[in-house]
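Trainee: Quick one, fold the following:
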Amino acid sequence: PVFLGALRLFVLMPSPLAVGYLVALGSALANGSFCVPSKLRSVADADAHPAAFTLYCALGVLASSLAAGPPLCARLNRFWLGDDTAPQTARLMLSGWGLLAGALFTVAVGLSFAAIPRIGLATAQSVWGGVAIVSSFVWGVAALHNQVHSALLAALALAMLMLGVAGIAACEELGALLKRNWAAGGIVSDAGERSALNPSEEDSVLDVRAGDAAESASDVPAPRGTNRDRAVGLALAVCVGLAGGAILVPSAYEKQAVGLALLPSFGLGAAFAALVVAIAARVLS
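Mentor: Numbers count the residues shown, from 1 in each chain. Okay, the predicted model is just below:
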C-alpha cells in the first residue's frame, strides 16, 4: 500500500511539491556523480589538463542544454509547473542571467577537477557539497529574501552540517590521531610491545637516519599528496562550494526565460567560459 500510494503520488497525480522533491533527488544523484568519469582509468591514463577536462564537460552541458530545446521546455513547463505560456517557452531566448549561471558552473567544475587529484573524490565531494548548501542558504536568505520558518533550527542545521564538513576535511588527521591513541593505550601485539619497551640499536640508527632524511626533505617543495597539497585541495573544494551554491542565484532574477527555457543560455555560458579558461591555461603553460 505504501508503494502504491507513493506511485500514485509521484506518477499518477504529480503535484508540484511531489515533482519538486523527485527532481531534487535526481539532481542530487547527478550532482554527486558528475565527477566520477574523471576517475576512470582511461581518463587517468590520458592525463588531461583540468582545463581541458572542464571544456569537455562544458561541451556536454551545452549539448544537453540544447537538447532540452524550446519545444521540450514548453511541454515540461506546462506539465511540471502548470505554465501555459507556450509562446514564451516555445522559442529560443538568450538570457544574460543564464550565461552568468553557466559561467559560475564552469568555475565550480574547473576547480573541482583541480581539487580531486589532491584530496580524492569522496573528501572533495563532501566538502564542496556542504559548503554549497551553506552558500545557497546564505544567498537565499540574504540576497533573495527567502523566508525561514525557524531561524534557530536553521542555524542548528547549518552548524551540524559544517561540523560534519570539518570532520570530513580532517579525516586523515583524525585517523592518525586515533591510531596513535589506540597504540598508546597498550593495544598492540606482544612483539610490538617488546620492541617499544626495548628498542634495539638498529632501530635507533634507523630513527636517526629518518630524522636526517626529514630535515633534508624540508627544503624540497612538497610533492602531490603532502599536507600542503592537501590544504590546497581543501581550499579549492571550498571555492567549488561557494561557486556551486551561487549557480542558481542568477535564475532568480530572470523574468522571461524561466524554468527549462534558461538551459540554452546556461549551456552557452558554460561552454564559452570553459573555452576562455582552456585558452588561458594553454597560453600560460
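Trainee: Helix or strand: which one has residue 228?
Mentor: In the assignment (DSSP states H and E), residue 228 maps to helix 227-244.
Trainee: actually residue 255, not the one I wrote
Mentor: Per DSSP H and E: nothing holds residue 255, as it lies in no helix or strand.
Trainee: re the thing from before, following element in sequence after the helix holding residue 228, please.
Mentor: Using DSSP H and E, the helix or strand that follows helix 227-244 in sequence is helix 263-284.
Trainee: and the strand or helix carrying residue 19, how far from the chain's centre?
Mentor: Remark: residue 19 resides in helix 16-31, with elements defined by DSSP H and E. Computed by C-alpha atoms, centre = their mean, to the nearest Å, the separation of helix 16-31 from the middle of its chain amounts to 17 Å.
Trainee: if we can go back for a sec, name the residues of the helix holding residue 228 that come out as buried.
Mentor: By neighbour count with 16 or more other C-beta atoms under 10 Å, helix 227-244 contains the buried residues 229-230, 232-234, 236-244. Where C-beta positions appear, they are placed from N, C-alpha and C, glycine not excepted.
Trainee: swap in stretch 112-124?
Mentor: Within stretch 112-124, the residues that count as buried by 16+ other C-beta under 10 Å are 112-121, 123-124.
Trainee: thinking again about what came up before, the helix holding residue 228 to helix 16-31, inter-axis angle?
Mentor: Using axes from the mean of the first three to the mean of the last three C-alpha atoms, to 10 degrees, the inter-axis angle of helix 227-244 relative to helix 16-31 is 150 degrees.
Trainee: Numbering from 55 from now on, please.
Mentor: With the count now opening at 55, the last piece we talked about shows up as helix 281-298.
Trainee: which residues are contacting helix 281-298?
Mentor: Outside helix 281-298, the residues within contact range by C-beta atoms under 8 Å, 6 or more residues apart in numbering are 158-159, 161-162, 165-166, 168-173, 177-178, 181-186, 188-189, 223, 226, 276-277.
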